[in-house]
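*Asks:* Could you work out the structure for the sequence below:
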Amino acid sequence: MTPSPFSSTNISVHGEGIPNVVMEYMALQKPVIATYCPGTMEIVNDGYTGFLIEPRDPGKLADKINYLLNNVALAESMGRNGSEKLYQEFSLPVMGENLLKLYQSLAQ
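*Replies:* Numbering: from 1, shown residues only. Next up is the predicted model:
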């Protein structure tokens, strides 16, 4: 049987880096609800910039969405926290400096 091209990523076979959509939401100061996977876990701090949930758990996803809809101040705070984290750790100047340091360390 051929797998559906629309099925979700099987992280036991292959993973994903940091999804662009996560960074886009953070840049827009929105809280993120995402599944546990290495790239996402690198940028989303559970309970601080959003929520991390187990893959394939639509009930938990619905719970977290409802929770944020009913806790607007928390959602706004998570959005601000995510935007700040994105700027501090993943802005072009920071990423450029980190890449330069990596190249310098490899050249020695």
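
*Asks:* contacts, neighbours, all on C-alpha from now
*Replies:* Noted.

*Asks:* Buried residues in the worst-scoring helix or strand of the chain on mean pLDDT, which are they?
*Replies:* Sorting the helices and strands of the chain by mean pLDDT, DSSP states H and E puts helix 38-43 at the bottom, at a mean of 91. Buried residues in helix 38-43, defined by neighbour count with 16 or more other C-alpha atoms under 10 Å: 40-41, 43.

*Asks:* hey, which helix is longest across this protein?
*Replies:* In the chain, with assignment by DSSP state H, the single longest helix is helix 72-90.

*Asks:* re the thing from before, which element follows the least confident helix or strand of the chain toward the C-terminus?
*Replies:* strand 50-53 (DSSP states H and E).

*Asks:* any idea of the mean pLDDT for that following strand?
*Replies:* Averaged across strand 50-53, the pLDDT comes to 98.

*Asks:* Quick one: residues in contact with the helix or strand that that strand is followed by.
*Replies:* Later in the chain than strand 50-53, the nearest helix or strand by DSSP H and E is helix 58-69. With C-alpha atoms under 8 Å, 6 or more residues apart in numbering as the test, helix 58-69 has contacts from 33, 51, 53, 74-75.

*Asks:* go again using 10 Å as the cut-off
*Replies:* Outside of helix 58-69, the residues within contact range by C-alpha atoms under 10 Å, 6 or more residues apart in numbering are 31-35, 50-55, 70-71, 74-76, 78.

*Asks:* Alright, I will stop here.
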